[in-house]
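Peer 1: Next one to model:
(2 chains)
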Amino acid sequence: MRKRNIVAAAVVALVLASCGGEKQADVIKVGWFGALTGDQAVWGNNEFNTVKMLFEEINAAGGVTVGGKAYTLEAVGYDNKGDAQEAVNVVRRLTSQDKVVAILGPNASGNAIPIAPILESAKVPDIATVATNPKVTVLDGKVKPYNFRVCFIDPYQGAVAAGYAFDVLGARKAAVLYDVSDDYSQGLREFFIQNFEKKGGTIVADESFKSGDVDFRPQLSKIKAQNPDIIFMPYFFKEVALSANQARELGITQVLMGGDGWPSDQLISMGGAAVEGCYFVNHLDYEDPDVADYKARYLKKYGIETELNGYLVHDAVVLLVDALKRAGEPSGEAIAKALESADVKGITGRIKISPQTHNPEGKDAAIIKIVGGKYIFQQKYAAE
Amino acid sequence: MAQFLQQMVNGLSIGSVYALMAVGYSLVYSIMNFSNFAHGGVIMFGAYFGFFAMTLLKLPFVASFALAFVGTSVLAVVIERVAYKPLRERSAPFLYFIISAMGASIFLENIIIATIGPTFRTYPDVFGRSSISLGSVSIGRLDLIMFVISAVCLTGLVLFIDKTKMGRAIQASAYNMKAAALMGVNTDRVVMIVFALGGLLAGIAGVFFGMKYTVYPQIGNITTKSFVAAVFGGLGSLPGAVLGSVLLGIIETLVAGYLSSQFRDLIAFVILIGVLVFRPTGIMGKTTEDKA
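Peer 2: Predicted coordinates for the structure are as follows:
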């Protein structure tokens, strides 16, 4: 009996405490989701850490003024394990239980595509970070009203890779190895092939694997027999490192090329000499003076280097804060409306959202080469 | 022709990876009549044991290797004691064992994620990345060493089961656990030995996997394929597990190399289902008990 009283008292106290919390709150809740565990956890943790760091900095500087009133920002983050079904679940939770006004992330296109219906029914905008598949914001020629992003899209990335391989590296025969179970990889492959053939090149091999596979030698042996000038590998660093190592073991010496799934400290430690001299398309140049400040702050706070995702989620926060200031009220609908006319300068470049596509228009891509275990910026490259 | 030979080498090497894992499944199945899904988790621990022995303790490769398989043997026995023995004592239906095994597997994966973290780790280079070239066919050093050590271990296991007294006790228990117990075989000990052996193979497999495919918490997931290979070869039969694994490896490679890599798993698994339709016990399986 006595125990029960204590429990009851504790419950009452908790309820009171939470009520009290709500009354004094001039807090805007912003959701974040991505993979905190699983294959893509490196990037998820990096994103969420960046969001928390930036929110702390913004709050310490007095918060954000919306409609003449100052608010502090609170990040509510959930792990979707990189899983599309879980993405739908956590977005439902963020919008219905946590009542967030906007969501940042995810990084993967496959996770960003299925959440659109929930965002629309809850009227909460989402800003994806490195989700580069066109379908994230536009489906069947119609723009999705609550999906936005801060990165360029796959057709552009595929076109950049194909253009650079053909024009600058002089490749005429290309082979492609891609992940058949991944929207991102499929998208890059499609637009690489399209653009490479348009330029007059030939695709001599088009091979695939399924995510979770660890052995690529059957496909690579087939590619080797076709003797291409370049091998395009549009997938993530873990598979890149494994397939690059296996390619070198099989005696494949050609240059490998990839997209923004490559850059990671772990690519170098896992791939080592196998990825030496290879190229990839990226969102930014890591040595760009614009990114140095954020990079240093992140390193100071967390003791590890930021990954690519951190830069993009940084700009997602910049974009959101700008939209909040112009929205007039902290509601999902008002923020979505403000986002449509956003034009801000982020650390990865100018982000001018197009109302027709919800993509940042005219962002340059950076071509990076791996030299001596370092990412060396080659040039900015824009595809026509 | 050169490509065909290369693809056969690839297939054999992938098959020998499956074989190391499939034998562990088959061994436990032959005694306990259930599929020990925690095996993948034990393999993953083997990979981590070996990795940390080499990087943190700075042990030489052979010592790390030994530490890894002794560690996983102990781990497998502990899992048996904690997760299966209580069920065994109550003669619970086999479904309970499977659920318990899945629980153990999820537990193992998540304890690594929670303590060590989800990042990928790369083994220090031991054998060198370069490969041996025979004409136009290249064979990875690691693959060759792995193939030889797998063959030695599997031969050793077969000799142990055929020639020693404990091996005969395992055979008797596999045939009929109750009758073996009535004849004075300490079946509890037999179960322990079987798990220790399974764990030992898991440790060996884990270290090789880690070296070949890097170390991460989901590495045990590759065991799905080897489980299929074990069923294909005939669950409970050790030669069957090896044969099934090698065949699966070669079928996969040939399908990817000559038909279509997009349809590799689809075609490979249709072939497997086809075989199982005509031979439900697998290639070398003897009994027609529930396969689970």
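Peer 1: mind listing the strands for the stretch 101-250 of chain B?
Peer 2: Ranges of strands in the stretch 101-250 of chain B, per DSSP state E, counting those that start in this stretch, are B:131-134, B:137-140.
Peer 1: Of these, flag the one that's most buried.
Peer 2: Counting by mean count of other Cβ atoms under 10 Å in any protein chain shown, strand B:137-140 has the highest mean neighbour count of the strands of the stretch 101-250 of chain B, with a mean of 21. Yep, even glycine has a C-beta here, placed from its N, CA and C like the rest.
Peer 1: Check whether it comes near chain A.
Peer 2: Yes: shown here: strand B:137-140 in contact with chain A (Cβ under 8 Å from any Cβ of the partner chain) through B:138, B:140.
Peer 1: and chain B, which residues reach chain A?
Peer 2: Contact residues (Cβ under 8 Å from any Cβ) of chain B with chain A: B:2-3, B:6-7, B:10-11, B:13-14, B:17, B:113, B:117-120, B:122, B:129-131, B:133, B:138, B:140, B:212-214, B:216, B:218, B:221-222, B:252-254, B:256-257, B:261-262, B:264-265.
Peer 1: how about the helices in chain A?
Peer 2: Along chain A, the segments classed as helices by DSSP state H run A:2-23, A:41-60, A:84-96, A:109-112, A:116-122, A:154-163, A:183-198, A:217-226, A:237-249, A:265-271, A:289-302, A:308-327, A:332-340.
Peer 1: ok, and what's touching the fourth one?
Peer 2: In this structure, residues lying in contact with helix A:109-112 by Cβ atoms under 8 Å, 6 or more residues apart in numbering or on different chains are A:34, A:80, A:82-84, A:87, A:106, A:126, A:128, A:131-133, A:135-136, A:147, A:149, A:154, A:182-184, A:187.
Peer 1: Wait, A:A131 touches A:P106, no?
Peer 2: Yes: if you go by Cβ atoms under 8 Å, A:A131 and A:P106 touch, sitting 6.5 Å apart.
Peer 1: between these two, which one's more packed in?
Peer 2: The neighbour comparison of A:A131 against A:P106 (other Cβ atoms under 10 Å in any protein chain shown) goes to A:P106, with 31 against 28.
Peer 1: Point out the residues in the stretch 1-150 of chain A that sit beside chain B.
Peer 2: So far as Cβ under 8 Å from any Cβ goes, the stretch 1-150 of chain A lies against chain B at A:37-39, A:41-42.
Peer 1: got JSON lines for these, with distance to A:D290 too?
Peer 2: Formatted as JSON lines, these follow (distance: Cβ to Cβ, whole Å):
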{"residue": "A:T37", "distance to A:D290": "32"}
{"residue": "A:G38", "distance to A:D290": "31"}
{"residue": "A:D39", "distance to A:D290": "30"}
{"residue": "A:A41", "distance to A:D290": "27"}
{"residue": "A:V42", "distance to A:D290": "23"}
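Peer 1: Quick one, which of the residues you listed are buried?
Peer 2: A:37-39, A:41-42 (16 or more other Cβ atoms under 10 Å in any protein chain shown).
Peer 1: Okay, now the unreliable bits of the stretch 1-150 of chain A?
Peer 2: A:1-25 (pLDDT under 70).
Peer 1: repeat for the stretch 51-200 of chain B
Peer 2: In the stretch 51-200 of chain B, residues with pLDDT under 70: B:129.
Peer 1: Count the neighbours of whichever residue of it sits closest to chain A for me.
Peer 2: Nearest to chain A in the stretch 51-200 of chain B, going by Cβ to the nearest Cβ, is B:P118, at a distance of 3.9 Å. For B:P118, the tally of surrounding residues (other Cβ under 10 Å) stands at 22.
Peer 1: same question, the one 10 residues further on
Peer 2: When counting by other Cβ under 10 Å, one arrives at 9 neighbours for B:G128.
Peer 1: The spatially closest residue to it that is not a sequence neighbour: what's it in contact with?
Peer 2: Of all residues not flanking B:G128 in the chain, B:R141 sits nearest, at 5.8 Å (Cβ to Cβ, 6 or more residues apart in numbering or on different chains). By Cβ under 8 Å, 6+ apart, the residues touching B:R141 are B:127-128, B:130-132.
Peer 1: Save those as CSV, and put in distance to A:V240 too.
Peer 2: Output for the contacts of B:R141, formatted as CSV (distance: Cβ to Cβ, whole Å):
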residue, distance to A:V240
B:F127, 22
B:G128, 21
B:S130, 20
B:S131, 19
B:I132, 25
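Peer 1: doesn't B:L95 fall inside a strand?
Peer 2: No: according to DSSP: H, G, I helix; E, B strand; the rest coil, B:L95 belongs to no strand; its state is helix.
Peer 1: B:M102 versus that one, what's the distance?
Peer 2: 11 Å (Cβ to Cβ, to the nearest Å).
Peer 1: just A:D26 next, same as before
Peer 2: According to Cβ to Cβ, A:D26 and B:M102 sit 47 Å apart.
Peer 1: Kindly report the same for B:A230.
Peer 2: The value you get for B:A230 to B:M102, if Cβ to Cβ is used, is 17 Å.
Peer 1: Just grab the bridge partners of the nearest residue to A:E276 once chain neighbours are set aside for me.
Peer 2: Spatial nearest neighbour of A:E276, excluding adjacent residues (Cβ to Cβ, 6+ apart): A:I370 at 5.9 Å. For A:I370, the beta-bridge partners under DSSP bridges are A:Y375.
Peer 1: For A:I370, give me its contacts.
Peer 2: A:268, A:275-280, A:376.
Peer 1: returning to that earlier point: narrow the residues of chain B next to chain A to just the buried residues.
Peer 2: For these, buried by 16+ other Cβ under 10 Å: B:3, B:6-7, B:10-11, B:13-14, B:17, B:113, B:118-120, B:122, B:131, B:138, B:140, B:212-214, B:216, B:218, B:221-222, B:252-254, B:256-257, B:261-262, B:264-265.
Peer 1: any idea which residue sits dead centre in chain A?
Peer 2: A:V130 (2.1 Å; Cα atoms, centre = their mean).
Peer 1: surely B:G11 meets B:I250?
Peer 2: Yes: here B:G11 reaches B:I250: they are 3.6 Å apart, a contact under Cβ under 8 Å.
Peer 1: Backbone dihedrals for the closest residue to B:G199 other than its chain neighbours, please?
Peer 2: Nearest non-adjacent residue to B:G199, counting by Cβ to Cβ, 6+ apart: B:A76, 2.8 Å away. When quoted as degrees, to the nearest 10, the phi and psi of B:A76 stand at phi -60, psi -40.
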